[in-house]
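Asker: I'd like to go over a predicted model; first the sequence, then the structure.
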Amino acid sequence: MSGNLIQLARRDAKFFVTNGGFEESITMTTPSADKTISLTGFATKHFINFDSDGLPINSKNVHICIDENILISQGYPLRNAKDEVHLKGHIISYPDSTGNVKKYVVRENFPDETLGLIVCILNDYKD
């Protein structure tokens, strides 16, 4: 029974991230620019963070959440020699609320190997 529940949780989580009405069109490119893919995922950018005392500060926070299986199915390289998810330095672009496409670079990635989702923390991309 619990195996079935985890399968249902994975299915539902991936649905909401990729096709649940809050998804955004995302483009990912390897640091060497030899592979680019398009996919949908959850993307957010806001300007509130918290300092070490827990007080709110005006600071940019940009991240995406994507389905690992989509990257695998499109042959996108996402794991290193230790078979760990490693997307640091990959280039991400997606439109903001005004429709302007912005480019970012992956600063950190946090895979959820229970649900098969990957959260990437992004920085502004500098050409």
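Answerer: Alright, I've got the coordinates. Bear in mind that the values here come from a model prediction, so they are computed numbers and not experimental data.

Asker: quick one, what contacts Tyr125?
Answerer: Ile91, Ser93, Lys103, Tyr104, Val105 (Cβ atoms under 8 Å, 6 or more residues apart in numbering). For glycine as for every other residue, the C-beta is placed from the backbone atoms N, C-alpha and C.

Asker: From Ala13, how far off is the last one?
Answerer: What that stands for is Val105. Distance, Val105 to Ala13, using Cβ to Cβ, to the nearest Å: 26 Å.

Asker: Return the per-residue confidence for Gly3.
Answerer: We have a pLDDT of 73 for Gly3.

Asker: before we move on, what about the one 4 residues further on?
Answerer: At Gln7, the model reports a pLDDT of 92.

Asker: returning to what we had before: out of the contacts of Tyr125, give me the one that has the most neighbours.
Answerer: Tyr104 (21 neighbours; other Cβ atoms under 10 Å).

Asker: if I pick that residue, what's in contact with it?
Answerer: Counted by Cβ under 8 Å, 6+ apart, Tyr104 has contacts Val62, Ile91, Ile92, Ser93, Leu122, Asn123, Asp124, Tyr125.

Asker: Can you say which helix or strand has Leu71 in it?
Answerer: Leu71 belongs to helix 68-73 when elements are defined using DSSP states H and E.

Asker: List the beta-bridge partners for the nearest residue to Tyr104 once chain neighbours are set aside.
Answerer: Leaving aside its chain neighbours, Tyr104 sits nearest to Leu122 (3.7 Å; criterion: Cβ to Cβ, 6 or more residues apart in numbering). Taking DSSP bridges, one finds Val62, Val106 as the beta-bridge partners of Leu122.
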